[in-house]
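Visitor: need coordinates for the following:
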Amino acid sequence: MYAAQQRQSPPATGNTATGSTVTGGTAAGHRAGRRRRSAHRRVRPRRRGRSLLIGLLVAAGLLGSAAYLLEGGRSDASRGAPHPRSMHATPTPTPSPSASPSPSASRTGIEVPPKGSGTFVTARASGETVGSGSRPVRYVVEVETGLDISPSQAANEIAGILAAPRGWTHDPDNAFRLVGAGSPHDITIRIATPATADALCWAGIQQDTGGEYNCEVPGGVVVNLKRWVKGSPTFDGPIHDYRALIINHEMGHFLGHSHVTCGGTGQLAPVMMQQIKGLHGCVANAWPYDENGDFITGPPA
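Guide: Numbering: from 1, shown residues only. Down below sits the predicted model:
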């Protein structure tokens, strides 16, 4: 994780079915040795108090800008996204017309409520280790309660993504294992409503995800239900492929990879590129490696 300036986090929204809350998550260290990742009018002041007030407002604005530049964290909102909230803001979704789903990526009947319970159900599914790495990343999958998503089905879909030939297991150092509720694990993958995702991302990395984006936080990945169900306007493939992009991008952060940008017009977009913000000449792509087994990357973002 990038270091983030500490701020007061919003209050937790409730206890989960497995003892966790929307402001928490088990911290897991990244493995060493991995790759990165208008017109103005002149007016005469009427009172000294008014001048003092204006001075204070200007100072506050400068301090706020400096704080934003110092903020860190990794999320789809970390470049060109809404500014971080004030210290006492309550997390609420911020609809964005530009983030409306594309027709080809939204063919599901799953409802996306703007706000959920803040509690989670852990999938009881488990699986075999995939990949040849000597220290598998053990992960659990949680779904916010009350959603029209089966935790076990979501967990199995994620397991299939991580086991795919063009996925992160192509790197022989990587391995993953899906574990069930109550088992020791290194990372938690949560699917949450926009408001809950905002709260988790703010608590974890002090980043305002604006009701639109996913993020990687210490010890976990937060998947915005809106993206899981509706995809992205920049991605015209099947919804399962876009889900693969979500998981591969956020898991890539966990493995130590940082954001990159398009490597050249007509090339496949790297999974570590924030593709939801535009492809910049690249072709939408959900996988870390191409069909020849070559790692897809680009210049640092």
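Visitor: what strands line up against the lengthiest strand in the chain, and which way round?
Guide: Using DSSP state E, we find that the single longest strand of the chain is strand 137-144. Paired neighbours of strand 137-144 in the sheet (DSSP bridges): strand 120-122 (antiparallel), strand 175-178 (parallel), strand 187-192 (parallel).
Visitor: pLDDT on that strand, on average?
Guide: Across strand 137-144, pLDDT averages out at 97.
Visitor: name the helices or strands packed onto whichever helix or strand comes after it?
Guide: Once the chain leaves strand 137-144, the next helix or strand it forms, by DSSP states H and E, is helix 151-163. Other helices and strands packing on helix 151-163, by 3 or more CB pairs under 8 Å, 6 or more residues apart in numbering; DSSP states H and E, are strand 130-131, strand 137-144, strand 175-178, helix 239-254. To be clear about C-beta, it is placed using only N, CA and C from the backbone, and glycine gets the same treatment.
Visitor: got JSON lines for these, with mean neighbour count and distance to residue 275 too?
Guide: Output for the helices and strands packed on helix 151-163, formatted as JSON lines (neighbours: other CB atoms under 10 Å; distance: least, CB to CB, whole Å):
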{"stretch": "strand 130-131", "mean neighbour count": "20", "distance to residue 275": "24"}
{"stretch": "strand 137-144", "mean neighbour count": "24", "distance to residue 275": "23"}
{"stretch": "strand 175-178", "mean neighbour count": "22", "distance to residue 275": "22"}
{"stretch": "helix 239-254", "mean neighbour count": "23", "distance to residue 275": "7"}
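Visitor: which of the ones you listed sits closest to residue 113?
Guide: With CB to CB as the criterion, residue 113 lies closest to strand 137-144 of the helices and strands packed on helix 151-163, at 9.4 Å.
Visitor: tell me what angle the closest one forms with helix 151-163.
Guide: Strand 137-144 runs at 140 degrees relative to helix 151-163, counting by axes from the mean of the first three to the mean of the last three CA atoms, to 10 degrees.
Visitor: now strand 137-144 - C-alpha only, PDB.
Guide: Output of strand 137-144 as PDB, limited to C-alpha atoms (Å, rounded to 0.1, in the frame of the first residue of the first chain):
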ATOM      1  CA  VAL A 137      -2.500 -16.500  -0.800                       C
ATOM      2  CA  ARG A 138      -5.500 -17.700   1.200                       C
ATOM      3  CA  TYR A 139      -8.600 -15.700   0.600                       C
ATOM      4  CA  VAL A 140     -12.200 -15.600   1.700                       C
ATOM      5  CA  VAL A 141     -15.100 -14.100  -0.200                       C
ATOM      6  CA  GLU A 142     -17.800 -12.000   1.600                       C
ATOM      7  CA  VAL A 143     -21.000 -10.600   0.200                       C
ATOM      8  CA  GLU A 144     -23.000  -7.800   1.900                       C
END
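Visitor: the inter-axis angle of that strand versus helix 239-254?
Guide: Using the same axes, to 10 degrees: strand 137-144 against helix 239-254 is 130 degrees.
Visitor: so where's this protein shaky on pLDDT?
Guide: 1-108 (pLDDT under 70).
Visitor: please redo it, this time with the cut-off set to 90
Guide: For the chain, the stretches with pLDDT under 90 are 1-109, 125-127, 181, 236-237.
Visitor: that older thread, need the helices and strands packed on helix 151-163 in CSV with distance to residue 197, can you?
Guide: Below are these laid out as CSV (distance: least, CB to CB, whole Å):
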stretch, distance to residue 197
strand 130-131, 27
strand 137-144, 9
strand 175-178, 21
helix 239-254, 12
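Visitor: of all the ones you listed, which lies closest to residue 283?
Guide: So among those, helix 239-254 is nearest, using CB to CB, at 12.4 Å.
Visitor: show me what that closest one is packed against.
Guide: Against helix 239-254 (3+ CB pairs under 8 Å, 6+ apart) you get helix 151-163, strand 187-192, strand 215-217, strand 220-224, helix 225-230.
Visitor: in the longest one, what's buried?
Guide: Residues of helix 151-163 classed as buried: 151-152, 154-163 (neighbour count, 16 or more other CB atoms under 10 Å).
Visitor: list just the nearest of the residues you listed to residue 207.
Guide: Among the buried residues of helix 151-163, residue 158 lies closest to residue 207 (CB to CB), at 22.5 Å.
Visitor: that closest one touches residue 178, doesn't it?
Guide: Yes - when contacts are counted by CB atoms under 8 Å, residue 158 is listed as touching residue 178 (7.3 Å).
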